[in-house]
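J.: What follows is a predicted structure for the sequence shown.
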Amino acid sequence: MAESLVRVESVSHTFPAPEGGKEVLALDAIDMEIRQGEMVAFIGPSGCGKSTLLNVIGGMIAPTSGAALVSGQAVRGPLPKQIAYIFQESALLPWATVLDNIKVGLEFQGVPKDERGPIASAALKSVGLEAFAASYPHQLSGGMKQRVALARALSLRTDILLMDEPFAALDEQTRMIFGEDLSRLLASERKTIILVTHSLAEAVLLADRIFVFTSRPGRIKAVLTIDEPHPRTPDFMTSQRFSELRNELYELLRDEVLAAIGNDRQGLS
Amino acid sequence: MSGAAAGVSGGVTERLSRRGRRLSLLTKLAVFAALMVLWHLLTVTEIISPFFLPQPMAVMTVFWRILSTGRALPDLGVTFFEFAVAGPIAVLTGVVAGYLISMTRYSTVVLEPVISSLYAIPIIIFYPISVMALGIGPESKIAHGALFGFFPICLNTIQGFSGVDAIYLRMARSTGATKAQLLRRILIPAAAPTILGGVRLGLMLCFLAIIGGETIASLEGLGHRIVWYAEGMQMVNMFAYMVFVILIATAMNACLSLLELRRRGG
Ligand SMILES: Nc1ncnc2c1ncn2[C@@H]1O[C@H](COP(=O)(O)OP(=O)(O)OP(=O)(O)O)[C@@H](O)[C@H]1O
Ligand SMILES: [Mg+2]
């Protein structure tokens, strides 16, 4: 078995109190290990701390206590050479062409100027959008924008890819097609991926392991293993096993979602 | 955020296609021609006394004579010089101050309302001080023009830089952008349209303030000449100089709009 690439060691995080409110304990002593080449999904009720944990791993937030480790080193800030992000919105710069959007990431990462063009073109090709290199983001559909965001992340050639609800803004059909594409791409790229999602089907389709979070403060309630090789096909999606796994996941989540709604109601009154 | 910024961020022309733009140019010319015809009719029929409103043809003839004999050059030169100094001062100080203020959230929250409320003061009331301190020459107009132009430019710069979507900043941080890269690749392009909107308004106000200053207290300049002819009851000459000012202002606005459009990628 491959060794763990990402380790989370009793990470807790408290957000300072907003004016007049009380401070928010977003994460409560989380432990996890993610192996090289593994694809994991975080799923849990809204506000349970999934994004927070992703940002701790990515070095965008320093946790109040505990630590995230990447390749055995404690994370102290963004690691642009090891970790790439795909955000919920595509985060494409509207004033730059599709190709320039990919190149700007490479520039920030420190790739020499003459290498950026070829790398960016190749990345664009891998998501099938080479014909749109000179287009501007507003000329693309939502799904295409997210593919460009995926191309930008892939072009950075990091070992780790963090995705925070990358399909959230897409319609159901587009997300599923995108999901299949992603599964195929990832099978060939062998990246370590953490995907935050609200979609049960997406989690089962894409993940090797699914971390189910409790309602806030976020803890790991259960870890579901999906023992199915990548790339996963539409056949898997229509199989009996897929439905069973999906239902099992739903059972685990249901109570937490109800608890979370209760929490929020209390917060309101 | 500020009322000033909301009013100036971009014209509507940007949404038109090339053909639509040509059509809109035609429409504008048609409106202009209609106004000229109306002016002509009103004066020929003497519905308005030619004493107050001379005939357009007469004005154009004098305008042309002033232009061809170079008689307007000294006044034009003075006004142009004042603007050529005051305009860049307003842009430079406005953009630099706006950028510095936008650098921290604290200074933005504290200082933006201060600048906003200073902007709401009718700045013209400071003009007498300006004349007392700097004299009746170009210096007082330059100071006044720069002061007028400063506020919208500064306010829009603050708004432009502090309004940059956090998602771009996160993208830049996660990919390891340096401070300089962040400024050059994200902050400046994101803020540019709003800043340019402020620059446009600021330069127009600067020009307005200079002409206004010249009409109030001056011995030279286009604004002074207009008042001078008005006091001498030489309406045709006065209108000829007014045409000058209108042409300059319109040309300036057109140039700045063009600049804004090009920044937006058409
Ligand atoms: N910058 C912040 N300041 C204060 N509180 C925050 C901040 N970011 C998140 N929180 C709080 O921390 C908790 C966890 O937030 P987080 O964004 O990690 O949730 P999430 O699981 O990603 O939710 P969702 O599924 O809705 O995206 C929430 O209650 C949220 O209100
Ligand atoms: Mg989230």
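T.: Arrived safely, thanks for sending. Numbers count the residues shown, from 1 in each chain, chains lettered A, B, ... in the order given. Ligands and ions are numbered 1, 2, ... in the order given.
J.: contacts, neighbours, all on C-alpha from now
T.: Noted.
J.: pLDDT below threshold where in the stretch 51-200 of chain B?
T.: Scanning the stretch 51-200 of chain B for pLDDT under 70 picks out nothing.
J.: is it true that B:Glu214 lies in a helix?
T.: Yes - under DSSP: H, G, I helix; E, B strand; the rest coil, B:Glu214 falls within a helix.
J.: That one is in contact with B:Glu220, isn't it?
T.: Yes - between B:Glu214 and B:Glu220 there is a contact at 7.2 Å, judged by Cα atoms under 8 Å.
J.: Show me which of those two is the more surrounded one.
T.: Using other Cα atoms under 10 Å in any protein chain shown as the criterion, B:Glu214 and B:Glu220 rank with B:Glu214 on top: 25 against 20.
J.: residues contacting the more buried one?
T.: Going by Cα atoms under 8 Å, 6 or more residues apart in numbering or on different chains, B:Glu214 touches B:141, B:220-224.
J.: go with 7 Å
T.: Counting by Cα atoms under 7 Å, 6 or more residues apart in numbering or on different chains, B:Glu214 makes contact with B:221, B:223-224.
J.: One more: B:Ile101?
T.: Here B:Ile101 is in contact with B:107-108, B:158 (Cα under 7 Å, 6+ apart).
J.: Export the contacts of B:Glu214 to CSV and append columns for pLDDT, distance to ligand 1 and secondary structure.
T.: Below are the contacts of B:Glu214 laid out as CSV (pLDDT from 0 to 100; distance: Cα to the nearest ligand atom, whole Å; DSSP: H, G, I helix; E, B strand; the rest coil):
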residue, pLDDT, distance to ligand 1, secondary structure
B:Gly221, 93, 56, coil
B:Gly223, 93, 55, helix
B:His224, 94, 58, helix
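J.: would you list every one of the helices in the chain?
T.: I'll assume chain A. Using DSSP state H, the helices found in chain A span residues A:50-57, A:98-109, A:113-126, A:142-155, A:172-189, A:200-206, A:234-237, A:240-268.
J.: you looked at the wrong chain, it should be chain B
T.: B:3-8, B:18-44, B:56-69, B:73-102, B:105-120, B:127-134, B:138-162, B:166-174, B:179-181, B:188-216, B:222-231, B:235-263.
J.: any idea which of these is most buried?
T.: helix B:138-162 (a mean of 28; mean count of other Cα atoms under 10 Å in any protein chain shown).
J.: now that one against helix B:73-102, angle please.
T.: Helix B:138-162 and helix B:73-102 are oriented at 30 degrees to each other (axes from the mean of the first three to the mean of the last three Cα atoms, to 10 degrees).
J.: Which residues does helix B:138-162 contact?
T.: Residues contacting helix B:138-162 (Cα under 7 Å, 6+ apart): B:4-5, B:82-83, B:85-87, B:89-91, B:93-95, B:97-99, B:101-102, B:115, B:119, B:123, B:127, B:130-131, B:134, B:187, B:191, B:194-195, B:198-199, B:201-203, B:205-207, B:209-210, B:213.
J.: For A:Leu93, list the residues it contacts.
T.: A:Asn101.
J.: so how far is ligand 1 from it?
T.: 22 Å (Cα to the nearest ligand atom, to the nearest Å).
J.: Next, count neighbours for A:Gly142.
T.: 18.
J.: Find the nearest non-adjacent residue to it, please.
T.: A:Leu170 (6.3 Å; Cα to Cα, 6 or more residues apart in numbering or on different chains).
J.: In this structure the one you found contacts A:Met144, no?
T.: No - using Cα atoms under 7 Å, A:Leu170 makes no contact with A:Met144, being 9.9 Å away.
J.: Look up how far chain A lies from the residue most central in space within chain B.
T.: Nearest to the mean C-alpha position of chain B, counting by Cα atoms, centre = their mean, stands B:Met204 at 1.0 Å. Applying Cα to the nearest Cα, to the nearest Å, the value for B:Met204 to chain A is 27 Å.
J.: mind checking how far that residue is from B:Pro122?
T.: Note on B:Met204: its distance to B:Pro122, by Cα to Cα, to the nearest Å, is 16 Å.
J.: Same check on B:Ala177?
T.: Taking Cα to Cα, one finds B:Ala177 at 43 Å from B:Pro122.
J.: Of the two, which one has the most company?
T.: For B:Ala177 versus B:Pro122, neighbours defined as other Cα under 10 Å are more numerous around B:Ala177 (24 against 9).
J.: how many neighbours does the residue lying closest to that one once chain neighbours are set aside have?
T.: Nearest non-adjacent residue to B:Ala177, counting by Cα to Cα, 6+ apart: A:Phe108, 4.4 Å away. For A:Phe108, the count of nearby residues is 21 (other Cα under 10 Å).
J.: what's near enough to touch A:Phe108?
T.: Contacts of A:Phe108 by Cα under 7 Å, 6+ apart are B:175-177.
J.: Over to B:Asn253?
T.: Contacts of B:Asn253 by Cα under 7 Å, 6+ apart: none found.
J.: ok, now which ones touch A:Val212?
T.: With Cα under 7 Å, 6+ apart, A:Val212 has these contacts: A:42-44, A:220-223.
J.: What about those, which one has the most neighbours?
T.: The most crowded member of the contacts of A:Val212, judged by other Cα under 10 Å, is A:Gly44 (30 neighbours).
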